[in-house]
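Trainee: Have a look at this prediction, sequence included:
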Amino acid sequence: MSEESVGRRVFVLGEGAHADAVIDRLARDGFAVEAFKPEADPEEMAASAGADVPFGLVIVLEEDLPSPAGWTGAWHDAVAGRVRHVYAQTRALSRLMMRARTGRIVFIVSAAGLRGGTANEALTVASGVVAGMARAVARELAGRSVTVNTVAYGASDGTDCPIGRGILAAEVAAAAAHLFTDSGAAMCGQVVSVDGGLVMR
Amino acid sequence: MGILEGKRALVTGASGDIGGAIAKRLASEGAAVACHGVPWETADAIVAELSARGHGAVAVCGNLTEDKATRECVAEAVEKLGGLDIVVNNAGVTKDALLIKMDEAAWDLVLEVNLFGAIRVTEAVLAALKASGDGRVINMASIVGLMGNAGQANYAASKAGLLSFTRMAARKLAPFGIKVNAIAPGFIQTRMTAGLPEKTREQLSRQIPLVRLGTPDDVASVCLFLSSPGAAYVTGQALAVDGGMVMA
């Protein structure tokens, strides 16, 4: 726990191992973490913030995002629906952060989005969409001292992993946690890969 | 004899400046080209131009945000050309706004056309490209998908998603001999960028190492390469055509 983080609010949206690990880690770091479902209503969420504007927002794309067969119909609806939530939730919270002139936004996506992995096709495309949106929003908010970054996780089962093991959710959460520290304030518009070397560049 | 003699190509958004230049370039190298347009902006003019020059060209029309219209449009192109070897997913739109002011309609439209439209078309052409044995899919991304841009959260998201799809489809379709690549144009002189004030264009040019905006032909010639026999061992790539704006 550090002084800089004590009591600062962070909203974490998502469910599953990565969201749980981020909630756990940020809470241990002293943040006041509030958890929301992936489909949380943006306006209700913003209203719940009240006058105490959250310092942080984390939105997690679940590793087990449903990926129906094919590239249209149910598959399309899964991807389009998921990323629409992310866009609307980011919009709602970034309005508040802009006015507060401080804030950190972190998206947690799959490194398969960078590499074009085929194990979960919906997750691959959704991850690319969210990382792309993040770069545009990073440029819009940087002037208001709001930073936007993406953390890309490798597969928890170790698929294709150069270091030969699954990537722990806690390892992903640790990278995200750095982005909420004072020493992480200069990182903006980046994709930080915690993937055991899956993507090297 | 052109390097695409006997090849059959579908270019979506051929009514636009870049799409039109691509259709002309592929046709001038011998490909028969299905030029796609939408009901409110058809590709009839470009088809008339190509036909007048003696090239094989047909017009197809359909709203790529709809599954059924996309399937019918692709089926018509395949039927008229007798198969398909090259698909250029070029159709795209912008609807710019700062994120805090961007409404859901603007988000949805840009993703539905630029990302899901390209994916719909790719799914619809799979059987024809598998039958070709040397299928090519070329997705028109953008440097905005690589580097982001203020006021274009939807556009950046759609193009970055298209780059992820490009790599994924390249892996998945490689066993069928289908190569999937992307082009990431920078600032190109088109109707899409014509609305920019002169001052903005000047500022933009200064960020471009080659100190000029690109032309639709600059993009078309790279598209020709990715369509050609010379690119038979290239897949899953994104080629920036941007005068050096993004170097990575």
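Mentor: Arrived safely, thanks for sending.

Trainee: By residue count, which helix of the chain is the longest?
Mentor: Here I'm looking at chain A. Ranked by residue count and defined by DSSP state H, the top helix of chain A is helix A:74-100.

Trainee: Not quite, go with chain B.
Mentor: Max-length helix for chain B by DSSP H is helix B:153-173.

Trainee: List every C-alpha atom in the first helix or strand past the longest helix of chain A going along the chain, with coordinates, as CSV.
Mentor: Next helix or strand after helix A:74-100 toward the C-terminus (DSSP states H and E): strand A:103-110. The C-alpha trace of strand A:103-110 is given here as CSV (Å, rounded to 0.1, in the frame of the first residue of the first chain):
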residue,chain,number,x,y,z
GLY,A,103,-7.5,9.7,-14.5
ARG,A,104,-6.2,6.4,-15.7
ILE,A,105,-8.0,4.0,-18.1
VAL,A,106,-6.7,0.5,-18.7
PHE,A,107,-8.1,-2.0,-21.1
ILE,A,108,-7.2,-5.7,-20.6
VAL,A,109,-7.4,-7.7,-23.8
SER,A,110,-6.0,-10.9,-25.2
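
Trainee: So which elements touch strand A:103-110?
Mentor: Judged by 3 or more Cβ pairs under 8 Å, 6 or more residues apart in numbering or on different chains; DSSP states H and E, strand A:103-110 is in contact with helix A:17-28, strand A:56-60, helix A:74-100, helix A:121-141, strand A:146-153, helix A:169-178. Placement of C-beta: from N, CA and C, glycine included.

Trainee: again, 6 Å this time
Mentor: strand A:56-60, helix A:121-141, strand A:146-153 (3 or more Cβ pairs under 6 Å, 6 or more residues apart in numbering or on different chains; DSSP states H and E).

Trainee: among these, which is nearest chain B?
Mentor: Closest of the helices and strands packed on strand A:103-110 to chain B is helix A:121-141, at 2.2 Å (criterion: Cβ to the nearest Cβ).

Trainee: Contacts for that closest one, please.
Mentor: Contacts to helix A:121-141, defined as Cβ atoms under 6 Å, 6 or more residues apart in numbering or on different chains, come from residues A:61, A:65, A:67, A:78-79, A:82-83, A:86, A:107, A:109-110, A:112-113, A:117, A:148, A:150, A:188-189, A:191, B:98-99, B:145, B:148-150, B:152-153, B:156-157, B:160-161, B:164-165, B:168.

Trainee: cool, stretch A:44-51 as well?
Mentor: Contacts of stretch A:44-51 (Cβ under 6 Å, 6+ apart): A:92, A:96.

Trainee: cutoff 7 Å now
Mentor: Defining contact as Cβ atoms under 7 Å, 6 or more residues apart in numbering or on different chains, one finds that stretch A:44-51 is touched by A:11, A:36, A:89, A:92, A:93, A:96.

Trainee: which pair in the residues you listed spans the largest distance?
Mentor: Using Cβ to Cβ, the contacts of stretch A:44-51 span at most 14.6 Å, a distance reached by A:36 and A:96.

Trainee: picking that back up, write a PyMOL command that selects only the buried members of the contacts of helix A:121-141.
Mentor: A single PyMOL command selects the buried members of the contacts of helix A:121-141 (16 or more other Cβ atoms under 10 Å in any protein chain shown):
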select buried, (chain A and resi 61+65+67+78+79+82+83+86+107+109+110+112+113+117+148+150+188+189+191) or (chain B and resi 98+99+145+148+149+150+152+153+156+157+160+161+164+165+168)
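
Trainee: In chain B, mark out all the helices, start to finish.
Mentor: Going by DSSP H, chain B shows helices at B:17-28, B:44-52, B:67-81, B:104-110, B:118-132, B:143-147, B:153-173, B:191-194, B:198-206, B:216-227.

Trainee: Which among those is found nearest to chain A?
Mentor: Of all these, helix B:153-173 comes closest under Cβ to the nearest Cβ, at 2.2 Å.

Trainee: Which strands or helices does the closest one pack on?
Mentor: Packing partners of helix B:153-173 (3 or more Cβ pairs under 7 Å, 6 or more residues apart in numbering or on different chains; DSSP states H and E): helix A:121-141, helix B:104-110, helix B:118-132, strand B:136-140, helix B:143-147, strand B:179-185.

Trainee: hmm, back to that, show me which residues of the longest helix of chain A are buried.
Mentor: In helix A:74-100, counting by 16+ other Cβ under 10 Å, buried: A:75-76, A:78-80, A:82-98, A:100.

Trainee: what residues are up against residue B:112?
Mentor: residue B:65.

Trainee: State the distance from it to residue B:37.
Mentor: Going from residue B:112 to residue B:37 by Cβ to Cβ, to the nearest Å gives 17 Å.

Trainee: Might one say that residue A:29 is in contact with residue A:177?
Mentor: Yes. When contacts are counted by Cβ atoms under 7 Å, residue A:29 is listed as touching residue A:177 (5.8 Å).

Trainee: With neighbour numbers in mind, choose between these two.
Mentor: residue A:177 (23 against 20; other Cβ atoms under 10 Å in any protein chain shown).

Trainee: Leaving aside the residues adjacent along the chain, what's closest to the more buried one?
Mentor: residue A:25 (5.0 Å; Cβ to Cβ, 6 or more residues apart in numbering or on different chains).

Trainee: residues near that neighbour, how many?
Mentor: 20.

Trainee: With the one 3 residues further on instead?
Mentor: Counted with other Cβ under 10 Å, the burial measure for residue A:28 works out to 13 neighbours.

Trainee: Let me know the distance separating it from chain B.
Mentor: Residue A:28 is 31 Å from chain B, where distance means Cβ to the nearest Cβ, to the nearest Å.

Trainee: Contacts only, for the residue of chain B most remote from its centre.
Mentor: Here chain B reaches farthest from its C-alpha mean at residue B:100, the gap being 28.9 Å by Cα atoms, centre = their mean. Applying Cβ under 7 Å, 6+ apart, we find residue B:100 in contact with A:91, A:94, A:95, A:98.

Trainee: Report the separation between the residue positioned nearest the centre of chain B and residue B:142.
Mentor: The centre of chain B sits closest to residue B:90, judged by Cα atoms, centre = their mean, with a distance of 1.9 Å. Distance, residue B:90 to residue B:142, using Cβ to Cβ: 11 Å.

Trainee: one step back: just the pLDDT for the residue farthest from the centre of chain B.
Mentor: Per-residue pLDDT puts residue B:100 at 97.

Trainee: is it true that the residue nearest to the centre of chain B touches residue B:10?
Mentor: No. Counting by Cβ under 7 Å, residue B:90 does not reach residue B:10; the two are 9.8 Å apart.

Trainee: Regarding stretch B:187-195, how distant is the last residue from the first?
Mentor: 12 Å (Cα to Cα, to the nearest Å).

Trainee: Over to stretch A:104-121?
Mentor: 29 Å.

Trainee: Let me see the mean pLDDT of it.
Mentor: Mean per-residue pLDDT for stretch A:104-121: 97.
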